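*Asks:* fold the stuff below for me.
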Amino acid sequence: MADYNIADSVDITDVVCPLTFVKAKVAIEELEIGETLAVRMNDGEPVQNVPRSLKEEGHQILKLINNEDGTYTLIVKKLED
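*Replies:* Model prediction:
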(Lines give C-alpha, C1' and ligand atoms only; values in the text may rest on other atoms or scores of the structure.)
Protein backbone atom coordinates (compact mmCIF):
# COMPACT_ATOMS: atom_id res chain seq x y z
CA MET A 1 0.00 0.00 0.00
CA ALA A 2 3.05 2.25 0.18
CA ASP A 3 2.64 2.96 -3.55
CA TYR A 4 -0.55 4.90 -2.85
CA ASN A 5 -1.14 8.09 -0.90
CA ILE A 6 -4.03 6.88 1.25
CA ALA A 7 -6.16 9.77 2.54
CA ASP A 8 -8.39 7.60 4.73
CA SER A 9 -9.23 4.00 5.50
CA VAL A 10 -12.33 2.15 6.63
CA ASP A 11 -12.69 -1.36 8.03
CA ILE A 12 -15.95 -3.04 6.98
CA THR A 13 -15.07 -6.52 8.22
CA ASP A 14 -17.55 -6.09 11.08
CA VAL A 15 -20.64 -5.48 8.91
CA VAL A 16 -22.62 -7.53 6.41
CA CYS A 17 -24.29 -6.66 3.11
CA PRO A 18 -25.79 -4.21 2.32
CA LEU A 19 -24.03 -2.24 5.05
CA THR A 20 -20.62 -3.13 3.61
CA PHE A 21 -21.18 -0.90 0.58
CA VAL A 22 -23.03 1.75 2.59
CA LYS A 23 -20.10 2.10 5.01
CA ALA A 24 -17.57 2.28 2.15
CA LYS A 25 -19.74 4.82 0.29
CA VAL A 26 -20.03 7.06 3.36
CA ALA A 27 -16.24 6.95 3.82
CA ILE A 28 -15.50 7.88 0.21
CA GLU A 29 -18.06 10.69 0.26
CA GLU A 30 -16.01 12.36 3.00
CA LEU A 31 -12.93 12.56 0.75
CA GLU A 32 -12.01 15.22 -1.77
CA ILE A 33 -11.99 14.29 -5.46
CA GLY A 34 -8.66 12.65 -6.31
CA GLU A 35 -8.09 11.31 -2.80
CA THR A 36 -7.67 7.60 -2.15
CA LEU A 37 -9.50 5.34 0.29
CA ALA A 38 -8.39 1.96 1.62
CA VAL A 39 -11.30 -0.37 2.42
CA ARG A 40 -10.60 -3.50 4.47
CA MET A 41 -13.22 -6.18 3.86
CA ASN A 42 -13.86 -9.87 4.29
CA ASP A 43 -13.38 -12.34 1.46
CA GLY A 44 -16.49 -13.47 -0.40
CA GLU A 45 -19.54 -11.27 -0.96
CA PRO A 46 -17.90 -7.92 -0.05
CA VAL A 47 -14.97 -8.55 -2.42
CA GLN A 48 -17.42 -9.37 -5.21
CA ASN A 49 -19.83 -6.50 -4.60
CA VAL A 50 -18.10 -3.51 -3.00
CA PRO A 51 -15.54 -2.84 -5.79
CA ARG A 52 -18.23 -3.21 -8.45
CA SER A 53 -20.60 -0.89 -6.60
CA LEU A 54 -17.93 1.77 -6.06
CA LYS A 55 -16.98 1.57 -9.74
CA GLU A 56 -20.65 2.01 -10.69
CA GLU A 57 -20.65 5.16 -8.52
CA GLY A 58 -17.91 6.52 -10.78
CA HIS A 59 -14.79 5.83 -8.73
CA GLN A 60 -11.55 4.20 -9.87
CA ILE A 61 -10.53 0.84 -8.44
CA LEU A 62 -6.74 0.96 -8.16
CA LYS A 63 -5.90 -2.32 -6.48
CA LEU A 64 -7.34 -5.23 -4.51
CA ILE A 65 -4.81 -6.66 -2.08
CA ASN A 66 -5.14 -10.12 -0.53
CA ASN A 67 -4.10 -9.73 3.11
CA GLU A 68 -3.66 -13.52 3.44
CA ASP A 69 -5.89 -13.58 6.54
CA GLY A 70 -9.32 -13.92 4.96
CA THR A 71 -9.54 -10.19 4.31
CA TYR A 72 -8.77 -7.93 1.38
CA THR A 73 -7.84 -4.28 1.14
CA LEU A 74 -9.41 -2.36 -1.72
CA ILE A 75 -7.66 0.81 -2.86
CA VAL A 76 -10.15 3.15 -4.53
CA LYS A 77 -9.71 6.68 -5.87
CA LYS A 78 -12.56 9.17 -5.61
CA LEU A 79 -13.30 10.60 -9.06
CA GLU A 80 -16.61 12.40 -8.50
CA ASP A 81 -18.95 13.69 -5.82
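*Asks:* give me the mean pLDDT for the helix or strand Arg40 falls within.
*Replies:* Using DSSP states H and E, Arg40 sits within strand 36-42. Here strand 36-42 scores 98 as its mean pLDDT.
*Asks:* for it, give me every contacting residue.
*Replies:* By Cβ atoms under 8 Å, 6 or more residues apart in numbering, the list of residues contacting strand 36-42 from outside reads 1, 4-13, 20, 24, 27-28, 31, 47, 50, 62, 67, 70-78. Bear in mind the C-beta positions are built from the backbone N, C-alpha and C, glycine included.
*Asks:* filter those down to the buried ones.
*Replies:* Neighbour-count burial (16 or more other Cβ atoms under 10 Å) applied to those gives 7, 10, 12, 20, 24, 27-28, 31, 47, 50, 71-78.
*Asks:* quick one: which of these sit in strands?
*Replies:* Ala7, Val10, Thr71, Tyr72, Thr73, Leu74, Ile75, Val76, Lys77 (DSSP state E).
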